[in-house]
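1. starting from these lines, generate the structure:
(one chain, ligands or ions: 1)
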Amino acid sequence: MKRIGLLTSGGDAPGMNAAIRAVVRTAIYFGLEVYGIERGYAGLIEDSMMPMNMRSVSDIVHRGGTMLRTARCLEMLTEEGQKKAVDTLNRRGIEGLVVIGGDGSFRGAKCLTENYGIPTIGIPGTIDNDLQYTDYTLGFDTAVNTCIEVINKLRDTMNSHERISVVEVMGRSCGDIALYAGITSGAEIIVVPEIPFDMDDIVMRINRSRASGKHSNIIVVAEGVTSAEAFAKELQEVTTHSVRSTTIGHIQRGGSPSMADRMLAAQFGNKAVRLLKDGIGNRVVGIHKNEIIDMDIIEAVSMKKQFNFELYETLQMISM
Ligand code: ATP
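-> Here you go, the predicted structure:
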């Protein structure tokens, strides 16, 4: 293999730039040429790309977002779009592809591999942590840290006014951001898509905490359940305590990546290129039990994300 392509696709995540840097520099180390493809599969279909060198990825390790930019590309879902993408790769002499993105992006990579024989390696880049095969996705740690920072600030003002704060976090249909942010910020209650909520039980828990001397409460709601605004409205109807809602929103997707995400980015990027240069495609990289792993892409995208009920129980036990 002499030339590889690299793209970021789907929702952006802190650490994508650090992963781009790791891919480019590892590739150059092994004597491979790298093309940076702009705006995900859209750039691949439209042949929008540039050769990258050591200096193309200078000064990005600490930046959020993605220097290659990202997009959701409907054309890639069609056979016509996929053929255009393959034509671009063939015309450019690109023999392998690294895709940094979430499960949708991996489905695109799987399609290129399965239907057109293009060796691809997926790097899990999404704040949602919604991929079962890897313990963590790139960007999740930074996003949760951002939530913690916001919740810390909310706690100050909620305490002063003896209020209940309902905080909406991202994660689409996955409750991991709510779970991890809830546990690590000391929230009393989390509401996640994986577990139906009972408003009477929530009110009971709030009342119990107030009776034991608490002056405020934090409830973290995952966006996959409902909005903070709607939840706060429903709660306000059944409690005498004052309720306020906050939606953290896209702040979660930006910012300088944490140490954990930069480390993952370095290891994922490095592993992805090592696989490709050894002629191994059709894999995704990840981390499991603190070890960098790789797995068949078809197997990885077919695994259903499991919620960590043990962590949820831990929160229930220590949050009051
Ligand atoms: P995030 O989890 O952060 O949203 P994602 O990678 O899951 O990231 P998607 O919007 O689901 O984001 O997918 C990104 C892109 O991947 C799509 O816009 C499309 O171009 C491509 N893609 C998704 N599913 C498929 C598929 N089944 N076949 C081919 N391409 C796909």
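2. ok, the closest residue to residue 169 other than its chain neighbours to the ligand distance?
-> Nearest residue to residue 169, sequence neighbours excluded (CB to CB, 6 or more residues apart in numbering): residue 177, at 4.7 Å. All C-beta spots, glycine's among them, are computed from the backbone N, C-alpha and C. Per CB to the nearest ligand atom, to the nearest Å, residue 177 is found 12 Å from the ligand.
3. how about the contacts made by residue 177?
-> The neighbours of residue 177, taking CB atoms under 8 Å, 6 or more residues apart in numbering as the test, are 127-129, 140, 143-144, 147, 169-171, 222, 252.
4. ok, these vs the ligand, which is closest?
-> residue 128 (5.1 Å; CB to the nearest ligand atom).
5. wait, that closest one sits on residue 169?
-> No: taking contacts as CB atoms under 8 Å, residue 128 lies outside contact range of residue 169: 10.4 Å.
6. so the two - more neighbours on which side?
-> Between residue 128 and residue 169, counting by other CB atoms under 10 Å, residue 169 is the more crowded of the two (32 against 26).
7. which residues does the more buried one form beta bridges with?
-> Beta bridges link residue 169 to residue 222, judged by DSSP bridges.
8. let me see the contact set for it.
-> Contacts for residue 169 (CB under 8 Å, 6+ apart) come out as 147, 177-178, 181, 220-223, 248, 252.
9. equivalent analysis for residue 141, please.
-> Counted by CB under 8 Å, 6+ apart, residue 141 has contacts 257-258, 260-261, 264.
10. residue 6: which element?
-> Taking DSSP states H and E as the definition, residue 6 sits inside strand 3-8.
11. can you list the neighbours in contact with that strand?
-> Outside strand 3-8, the residues that touch it by CB under 8 Å, 6+ apart are 16, 20, 23-24, 27, 32-38, 40-41, 43-44, 49, 52, 66, 68-70, 89, 92-101, 125, 273, 276.
12. buried subset of those residues?
-> Listed as buried from the contacts of strand 3-8 are 16, 20, 23-24, 27, 32-38, 40-41, 43-44, 49, 52, 66, 68-70, 89, 92, 94-101, 125, 273, 276; burial here means 16 or more other CB atoms under 10 Å.
13. which non-adjacent residue is nearest the closest residue to the ligand within the stretch 51-200 of the chain?
-> As assessed by CB to the nearest ligand atom, the ligand sits closest to residue 104 within the stretch 51-200 of the chain, at 2.0 Å. Nearest residue to residue 104 in three dimensions, chain neighbours excluded: residue 10, at 5.3 Å (CB to CB, 6+ apart).
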